[in-house]
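Undergrad: fold the stuff below for me.
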Amino acid sequence: MKKITRFNIRTANIPQIGINRQYSIGGEAGAEFILQVFNSDQEFYDFKSRSFSSTYTSTSALKVKMSGDIYRNNIDFPANGSGDTYSFLLLPWPGKDTELDLGKAKSSYSFSIIQDANTTLTFTVATANTSNYTSWSSGDNITSTGAPKVETLVTKKLDWTLTNAATDGGGFGLRLIRQPVDTDWYFQTTEAISSNPAGDATSNNTVIVADLTDIATGMELIYHKGTTAPSATTVITAINQSTKTITFSTSTAFEDGETMTLRAKGSSVIQKAIGADIDFSNFASTTISAAAAELTKTVRTTASSTTIPLVGTYGVSGGDFVTISGRGIKNTSANGVASVTAGATDGSVVMLVAQDVKIGTKIYFTGSTKSIDIDNTFIIKSHPSANKTIYLNLDNFITPGVAN
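TA: Model (predicted):
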């Protein structure tokens, strides 16, 4: 009885772009076998045309009598953006005095190779101050689809306009505090606490979880229980993969069964967490990547006081953050906008210095605006193994205006 003793092929996942992969089957000279390969649609690999087909022919099974102790050949795996699973079935040729000697496999040997599907990275904005912005639609998001773990160089251009809400409650403008930087981008995930080794709700710097997917050192603990934040900045300093234990930089009263929220800030920590390599280097403090639209208002009625009636105030912030200029405007000393009485077509501002302004005068405001344009590029060098969303934290560099 002749024996087939080994089947070697690289079983690592196949990229969606397809690949040619060599395989070898070892055994005794004279051993005879049949090899079949089929995909998830039950299409058989045709060893002559080197493609998959729903039509079964004589070349849909490879029949070989080994002339030596090893047989080598190649299989062409096609491109498939949706991914696939390829199943291999090795059989001794019936009636040919051959058996398999592959562990317990005697009459058949099978295994599968997975082809990764394309994944999508979505880039969007995040803010806790939703009432200060007009609604954001999914159509405003930036997306990139590609093969996971495959080196790419995809340049994406941001052309986002962030608009202040046109409401009396939230229409006090937006203040650009600084330029956005790499660490304003983040990926966020949640994970339930299996147990606190120190005891339920006992202050401790370690927790045990059931799953470490998308979790990496350097991630910050945003909430340790629902929406309860830790008392101090807390980051992951170590992860024990075998015990699924996470160690943090500070202690917190972790509770069993509660859900943590973890955030990877900046490209390097994002890459460690999800495997996506994204270059945000254009988002640096020395790069002009956001611009505030000029804000102009018209005097509604002639005034001779610190109060100036305007034809609408939306976009103007109080609190002495905003200065004004224009014909006849007096800036003889520090002269900020102290307060705003909001209105869409009326309203007024109170200045620190009394003004004599006529109806119809144009006034220019510096320090807050109705809209901020973010215009920049970033490069995606690789995609993650699953669809993920990356957020730009607006609250790090934009502060909503106030009434006073």
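
Undergrad: now do stretch 338-353: everything it contacts.
TA: 166-169, 171-172, 300, 306-314, 316-320, 324, 330-337, 401, 403-404 (CB atoms under 8 Å, 6 or more residues apart in numbering). All C-beta atoms are positioned from the backbone trio N, CA, C, and that covers glycine.

Undergrad: export only the CA atoms of it, formatted as PDB.
TA: C-alpha atoms of stretch 338-353 as PDB (Å, rounded to 0.1, in the frame of the first residue of the first chain):
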ATOM      1  CA  ALA A 338     -19.000  91.100  26.500                       C
ATOM      2  CA  SER A 339     -22.400  89.600  25.800                       C
ATOM      3  CA  VAL A 340     -24.700  88.700  23.000                       C
ATOM      4  CA  THR A 341     -28.500  88.700  22.900                       C
ATOM      5  CA  ALA A 342     -29.100  86.200  20.200                       C
ATOM      6  CA  GLY A 343     -31.400  86.600  17.200                       C
ATOM      7  CA  ALA A 344     -31.700  85.400  13.600                       C
ATOM      8  CA  THR A 345     -32.600  88.800  12.200                       C
ATOM      9  CA  ASP A 346     -32.400  91.000  15.300                       C
ATOM     10  CA  GLY A 347     -30.400  90.700  18.500                       C
ATOM     11  CA  SER A 348     -27.500  92.800  19.800                       C
ATOM     12  CA  VAL A 349     -24.000  92.800  21.300                       C
ATOM     13  CA  VAL A 350     -22.700  94.600  24.300                       C
ATOM     14  CA  MET A 351     -19.200  96.000  24.000                       C
ATOM     15  CA  LEU A 352     -16.700  97.000  26.600                       C
ATOM     16  CA  VAL A 353     -16.300 100.500  24.900                       C
END
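
Undergrad: average pLDDT across it?
TA: Here stretch 338-353 scores 97 as its mean pLDDT.

Undergrad: circling back to that earlier point, write the ChimeraX selection for whichever of the contacts of stretch 338-353 are buried.
TA: Applying 16 or more other CB atoms under 10 Å to these leaves a buried subset, and the ChimeraX line that selects it is:
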select :168,171,172,300,306,308,309,310,311,312,313,314,316,317,318,319,320,324,335,336,337,401
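
Undergrad: domain parsing for this structure?
TA: Using automatic domain parsing, the domain parsing of the chain gives 2-115, 119-181+281-290+371-400, 185-276, 294-366.

Undergrad: lowest-confidence stretch among these?
TA: domain 119-181+281-290+371-400 (a mean of 91).

Undergrad: so how far is that one off the chain centroid?
TA: 11 Å (CA atoms, centre = their mean, to the nearest Å).

Undergrad: can you give me the end-to-end span of that domain?
TA: Terminal residues of domain 119-181+281-290+371-400 are spaced 35 Å apart (CA to CA, to the nearest Å).

Undergrad: contact partners of stretch 179-190?
TA: Contacts of stretch 179-190 (CB under 8 Å, 6+ apart): 126, 213-215, 222, 259-267, 270, 273-274, 276, 278, 280-281, 283-285, 287-290, 374, 376, 388-393, 396-397.

Undergrad: list buried residues within those.
TA: 126, 214-215, 222, 260-267, 270, 273-274, 276, 278, 280, 283, 289-290, 374, 376, 388, 390-393, 396-397.

Undergrad: how about whichever strand or helix holds Val353: buried residues?
TA: Val353 is part of strand 348-357, with elements assigned from DSSP states H and E. Buried positions in strand 348-357, judged by neighbour count with 16+ other CB under 10 Å: 348-349, 351, 355, 357.

Undergrad: given that strand, what are its sheet partners and their directions?
TA: Sheet pairing for strand 348-357, assigned by DSSP bridges, gives strand 303-309 (antiparallel), strand 337-341 (antiparallel).

Undergrad: how about the ones you listed in JSON lines, adding distance to Asn20?
TA: Output for the strands paired with strand 348-357, formatted as JSON lines (distance: least, CB to CB, whole Å):
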{"stretch": "strand 303-309", "distance to Asn20": "74"}
{"stretch": "strand 337-341", "distance to Asn20": "68"}
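
Undergrad: minimum distance to Thr130: which of the ones you listed has it?
TA: For Thr130, the closest of the strands paired with strand 348-357 is strand 337-341, at 20.4 Å, according to CB to CB.

Undergrad: returning to that earlier point: inside helices: which ones of the buried ones among the contacts of stretch 179-190?
TA: Within those, residues falling in helices by DSSP state H are 267, 270, 273-274.

Undergrad: ok, so of these, who is nearest Thr11?
TA: Looking across those and measuring by CB to CB, the closest to Thr11 is Ile274, at 23.5 Å.

Undergrad: quick one: contacts for that closest one?
TA: Ile274 neighbours (CB under 8 Å, 6+ apart): 187, 214, 264, 384-386, 388.
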